[in-house]
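S.K.: pasting the structure only:
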């Protein structure tokens with residue numbers, strides 16, 4: 001094993017001394033613990049909100065959330081969804097989590113509406129920049145990238161559906177052009 005000294009710190013990081021490396025590691029670990037504890041508190045508050053408000057949720061939203069979760073898990077684990085990689089128990093847990101997420105989302109939306117909580121574009125951009133910085137991404141141009149991705153995802157379904165509906169558009173235009 002290499003000796004842990006200033007030379008080691010220079011080799012494995014951008015820090016000049018071992019003390020600087022240790023201080024930076026401590027700062028990063030403290031930040032990770034802080035974010036993790038905030039996440040735990042946030043989840044407990046949401047759990048309490050969901051438990052206190054057993055509202056019915058649309059099955060279609062639960063199905064969509066469950067499907068999205070399965071796709072995301074399959075992508076992360078590099079599994080082929082066509083081969084049904086998830087067992088019955090796993091799917092059952094995914095559906096339960098999806099129902100909780102949908103219920104929490106609906107409840108939080110209602111809370112925001114009743115409390116007149118509004119989020120501006122500047123708030124969203126600031127939060128995206130904060131998360132990007134925490135994750136080590138560069139923030140210049142990130143807003144444009146997100147906007148471009150949004151436009152692309154909004155356009156793709158239209159482009160996929162249009163060829164199937166094109167004949168109805170042509171029929172409508174043709175009928176509208178005929179003069180009596």
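M.R.: Looks like it arrived, so ask away. Keep in mind it's a predicted model, so treat the numbers as computed, not measured.
S.K.: wait, residue 17 sits on residue 4?
M.R.: No - Residue 17 sits out of contact with residue 4 when judged by CB atoms under 8 Å, with a separation of 11.8 Å. For glycine as for every other residue, the C-beta is placed from the backbone atoms N, C-alpha and C.
S.K.: Can you spell out which helices and strands pack onto the one helix or strand residue 125 maps to?
M.R.: Using DSSP states H and E, residue 125 sits in helix 121-135. Counting contacts by 3 or more CB pairs under 8 Å, 6 or more residues apart in numbering; DSSP states H and E, the secondary-structure elements packed against helix 121-135 are helix 142-177.
S.K.: what bits of this structure have low per-residue confidence?
M.R.: Applying pLDDT under 70 to the chain flags residues 138-143, 157, 160-180.
S.K.: What count of nearby residues applies to residue 86?
M.R.: Other residues within reach of residue 86 by the criterion other CB atoms under 10 Å amount to 17.
S.K.: Regarding the residue lying closest to it once chain neighbours are set aside, what is its secondary structure?
M.R.: Leaving out its chain neighbours, the residue that sits closest to residue 86 by CB to CB, 6 or more residues apart in numbering is residue 70, at 6.3 Å. Secondary structure, DSSP: H, G, I helix; E, B strand; the rest coil: residue 70 is helix.
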